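> What follows is a protein structure lacking sequence information:
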Ligand code: ARG
């Protein structure tokens, strides 16, 4: 294996939503059980730990005001995809979540952004992941192929559709995350990552969450990807946030943490176990404003 020089961390701007009204009140993915008991106080403490970890590592964190009756609003990632200050909003699959779009839109407008409203079902960074030269776009459970076309047209960035096949990994960000290269620098040189047909970014993912054709695409674009096991994926290990060096990751994803460490990344374990009951983890709680 080539020696990989991990690039310097890039300070990020994150938008989050405090879990004041977080709960499991309906079941729209296999992780959610209507009889689930959420420990609200613990959820609050876990979330605060994540926010503190971001700030301690030099990142900026901004807050959307949570709204009563929208228990999944804490999952800020689903509300939009923001690249180069352009905001592609959301259109949620589940009627219970649809009112979240307007709440986030209000925040973006107040912060000085225009918001594009998709015509097709689209769940923001849940299914849309900028990775170097491309936007990776999941479909199968939530975001539609039609939305991928809208994304490509809106950003003018080649958008690669990836078919999700396992209901436990219903959003792309539960099965894949970007380690580095999202800042446009193309990651470290000398690894083949910047050349040819590769994506100029590196990722970690769980192959079995994807159709065989999509797996082939990922192999081709990310020859140096970190391959996660099902156990690590089921522990929400791929629902992680990386700043290029530090990886904010579920402590339960022990194998993946070891792999990242041996590649030179610095895992920062943050336990969001209460949020796993809703099918969400670290990345779900984090919208990156690029
Ligand atoms: N309960 C939420 C849903 O099913 C969880 C969303 C998780 N967010 C994410 N980015 N994967 O919609």
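Cool, got the structure. Computed from a prediction, not measured in an experiment: that's the story for all the values here.
> From now on I want contacts and neighbour counts done on CA atoms only, so please keep to that.
OK.
> tally of neighbours for the residue in the stretch 1-150 of the chain that the ligand sits nearest to?
As assessed by C-alpha to the nearest ligand atom, the ligand sits closest to residue 126 within the stretch 1-150 of the chain, at 3.7 Å. By the measure other C-alpha atoms under 10 Å, the count of residues near residue 126 is 30.
> What are the boundaries of the strands in the stretch 151-290 of the chain?
For the stretch 151-290 of the chain, applying DSSP state E, counting those that start in this stretch gives strands covering 159-163, 176-180, 202-205, 226-227, 241-242, 246-249, 266-269, 287-288.
> For the ligand, which of the ones you listed is the nearest?
strand 287-288 (8.9 Å).
> And the closest one, how far out from the chain middle?
Chain-centre distance of strand 287-288: 8 Å, with C-alpha atoms, centre = their mean, to the nearest Å.
> likewise stretch 223-235?
That offset, for stretch 223-235, works out to 15 Å (C-alpha atoms, centre = their mean).
> Tell me the span between the first and last residue of that stretch.
Using C-alpha to C-alpha, to the nearest Å, one end of stretch 223-235 lies 24 Å from the other.
> hmm, who's touching it?
Stretch 223-235 has contacts (C-alpha atoms under 8 Å, 6 or more residues apart in numbering) with 168, 174-175, 193, 198, 202-208, 219, 238, 250, 252-256, 259-260.
> Drop anything exposed from these.
For the contacts of stretch 223-235, a burial check counting by 16 or more other C-alpha atoms under 10 Å picks out 168, 174-175, 193, 198, 202-208, 238, 250, 252-253, 256, 259-260.
> now, which of these lie close to the ligand?
With C-alpha under 6 Å from any ligand atom as the criterion, the buried ones among the contacts of stretch 223-235 include residue 174 near the ligand.
> In helices, which of the buried ones among the contacts of stretch 223-235 fall?
Mapping those onto helices (DSSP state H) picks out 256, 259-260.
> Now do the same contact list for the closest residue to the ligand within the stretch 151-290 of the chain.
Proximity of the stretch 151-290 of the chain to the ligand (C-alpha to the nearest ligand atom) peaks at residue 284, 3.5 Å away. Neighbouring residues of residue 284 by C-alpha under 8 Å, 6+ apart: 75-78, 126, 173, 239.
> for the record, mean pLDDT for stretch 11-19?
For stretch 11-19, mean pLDDT is 97.
> Wondering if that stretch reaches the ligand at all.
No - Stretch 11-19 does not reach the ligand (C-alpha under 6 Å from any ligand atom); its nearest approach is 11.9 Å.
> On the C-terminal side of the top helix by length along the chain, identify the next helix or strand.
Criterion DSSP H: the longest helix present in the chain is helix 40-56. Remark: after helix 40-56, the chain's next helix or strand is strand 60-64, criterion DSSP states H and E.
> so what strands line up beside that following strand?
Strand pairing for strand 60-64, using DSSP bridges, gives strand 13-17 (parallel).
> and the angle from the strand it pairs with to helix 40-56?
170 degrees (axes from the mean of the first three to the mean of the last three C-alpha atoms, to 10 degrees).
> Enumerate the positions of strand 13-17 that are buried.
13-17.
> Output the set of residues of the stretch 51-200 of the chain in proximity to the ligand.
72, 75, 77-78, 126, 171, 173-174.
> tell me the pLDDT at residue 199?
With respect to pLDDT, residue 199 scores 86.
> Read off the pLDDT value for the residue of the stretch 1-150 of the chain closest to the ligand.
For residue 126, the model assigns a pLDDT of 98.
> Next, it: phi, psi?
Per-residue torsions, residue 126: phi -60, psi -40 (degrees, to the nearest 10).
> Relative to residue 224, how far out is it?
When distance is defined by C-alpha to C-alpha, residue 126 is 23 Å away from residue 224.
> other SSEs contacting the longest helix of the chain?
Under the contact definition 3 or more C-alpha pairs under 8 Å, 6 or more residues apart in numbering; DSSP states H and E, helix 40-56 sits against strand 60-64, helix 273-276.
> Could you say which one of these comes nearest to residue 27?
Closest to residue 27 of the helices and strands packed on helix 40-56 is helix 273-276 (C-alpha to C-alpha; 12.7 Å).
> Thanks a lot, catch you later.
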